[in-house]
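*Asks:* Provide a 3D model corresponding to the input given below.
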Amino acid sequence: MKRVLIIGGNGSGKSTFSKKLGEKTGLPVVHLDKIFWHGNWEYISREEFDVLLENELKKEEWIIDGNFERTLEERMKFCDTVFYFDFSTIQCLFGVTERVLKNYGKTRDDMGGNCPEKFDFEFYKSILRFNKKNRPKTKALLEKYKPKVIVFKNRKQAEDFLNLL
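*Replies:* Numbering: from 1, shown residues only. Coordinates of the predicted model:
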């Protein structure tokens, strides 16, 4: 396990898991949100993001946390292990709401720029569509590239895995 992807629904705990996995393994953690977001919820260009991502993918070791569906296949080409947080929509909605309430008005350390937590109706709508839109593509890419895959259906499974390391 040298090149690890952590993917799944928003609010499933990917960033928290990636930080803990990084601490346990010594692998450097790359949060895609930290690369993508700058300023006050302003994002970098697609081209700039792709260059920064490519630079990370070329490295020998990493944990990359984030969805960014557009770049998932490219990341799959480089990884050897995938942690797939395949949570229900309800679990993700609860996770995001809990995160917003806990961090409201503050920028998390896994975010770039000045992006304070807030309630965002469009973000919630994207969570409602996530599984239907992304599950089939994710499963097809996992089958195509065949990395080692560990699927979590809930936070306890993820926590139990970390405790066994």
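*Asks:* regarding this structure, what is its longest helix?
*Replies:* With secondary structure taken from DSSP state H, the chain has its longest helix at helix 121-145.
*Asks:* what about that helix, average pLDDT?
*Replies:* Computed over helix 121-145, the mean pLDDT rounds to 97.
*Asks:* would you mind listing where the chain has pLDDT under the threshold?
*Replies:* Of all residues in the chain, none has pLDDT under 70.
*Asks:* need the residue closest to the centroid of it.
*Replies:* Geometric centre of the chain, nearest residue: residue 66, 2.2 Å, by C-alpha atoms, centre = their mean.
*Asks:* from residue 156, how far off is that one?
*Replies:* To residue 156, residue 66 is 22 Å away according to C-beta to C-beta, to the nearest Å. To be clear about C-beta, it is placed using only N, CA and C from the backbone, and glycine gets the same treatment.
*Asks:* likewise for residue 112?
*Replies:* For residue 112, the distance to residue 156 - C-beta to C-beta - is 30 Å.
*Asks:* tell me where the chain has helices.
*Replies:* Here the chain has its helices, by DSSP H, at 14-25, 32-36, 46-57, 72-78, 89-103, 121-145, 155-164.
*Asks:* now residue 86, nearest residue through space, not along the chain?
*Replies:* Distances taken as C-beta to C-beta, 6 or more residues apart in numbering place residue 151 nearest to residue 86, at 5.3 Å, with adjacent residues excluded.
*Asks:* distance of the one you found relative to residue 6?
*Replies:* 12 Å.
*Asks:* I'd say residue 19 and residue 29 touch.
*Replies:* Yes: the pair formed by residue 19 and residue 29 meets the contact definition of C-beta atoms under 8 Å, at 6.1 Å.
*Asks:* of the two, who's got more company?
*Replies:* The residue with more neighbours, out of residue 19 and residue 29, is residue 29; 20 against 16, by other C-beta atoms under 10 Å.
*Asks:* make sure the more buried one is actually in contact with residue 22.
*Replies:* Yes: contact criterion C-beta under 8 Å: residue 29 and residue 22 qualify, at 4.0 Å.
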